[in-house]
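> dropping a prediction and its sequence here:
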Amino acid sequence: MRFALSMLLLCSAAVAAPAPVAAPAAPAVIGCASLANLRILLRQTANDPAKAAAHLSDDKADHLGCAILGRETVVALADHAALNGHAYDCVTVRGTSVCQWTIAGSVAPAEPTRPGRRTQSETGKAASGKTTMDKTTMDKGTQDKAPR
């Protein structure tokens, strides 16, 4: 009886310790300089980013100007578009001035900013360089340009 009980405890301890499970790999981030080319690539691979990444890893395949982006190279969100129920982001990538179109939400910039919004430091710089003219200055300027 003691033998059976000790074996039962040993077996239950071995079963209770779960094996470490690897975290699922994040899908590859595919970027294209053209939104049309990204849509063509996704259509060819049935909207599966894993299949699209496999397609891009084939040297003989037509890449349509697309590549796999490193998540650490994404700097900012430059633009956003939605077409036929699918959303796309154009992200700024370190080392190039052309934004790369990706599937929306597939990658987040290190410091998220909203497109079209200026940061407080940018508005402060713009305001300090501007000069304003009051009404008398404007009237005086138009008087000087009157024909004589």
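That came through, no problem. Treat the numbers as computed from the prediction; the structure is a model and nothing was measured.
> now the helices for the protein?
For the chain, the helices defined by DSSP state H cover 2-16, 35-44, 49-57, 120-129, 135-144.
> residues contacting Ala28?
Shown in contact with Ala28 (C-beta atoms under 8 Å, 6 or more residues apart in numbering): 49-50, 52-53, 68. All C-beta spots, glycine's among them, are computed from the backbone N, C-alpha and C.
> try Tyr88
Tyr88 neighbours (C-beta under 8 Å, 6+ apart): 35, 38, 80-82, 101-104.
> return the helix or strand in the protein with minimum mean pLDDT.
Using mean pLDDT, DSSP states H and E, the weakest-scoring helix or strand in the chain turns out to be helix 120-129, at a mean of 46.
> quick one: contacts for Ala104?
80, 82, 86-89.
> of the residues you listed, buried ones?
If you count burial by 16 or more other C-beta atoms under 10 Å, the buried members of those come out as 88-89.
> closest to Asp59 out of the contacts of Ala104?
Tyr88 (26.2 Å; C-beta to C-beta).
> grab the nearest non-local neighbour of that closest one.
Ala81 (5.0 Å; C-beta to C-beta, 6 or more residues apart in numbering).
> right, and that neighbour touches Leu35 too?
Yes. With contact defined as C-beta atoms under 8 Å, Ala81 counts as touching Leu35 (6.4 Å).
> which neighbours do these two share?
88, 90.
> neighbour count winner among the two?
Counting neighbours by other C-beta atoms under 10 Å for Ala81 and for Leu35 shows that Leu35 has the greater number, 16 against 12.
> the residue lying closest to the more buried one once chain neighbours are set aside pairs with what?
Distances taken as C-beta to C-beta, 6+ apart place Trp101 nearest to Leu35, at 4.5 Å, with adjacent residues excluded. Beta-bridge partners of Trp101, counted by DSSP bridges, are Cys32, Cys90.
> much appreciated, bye for now.
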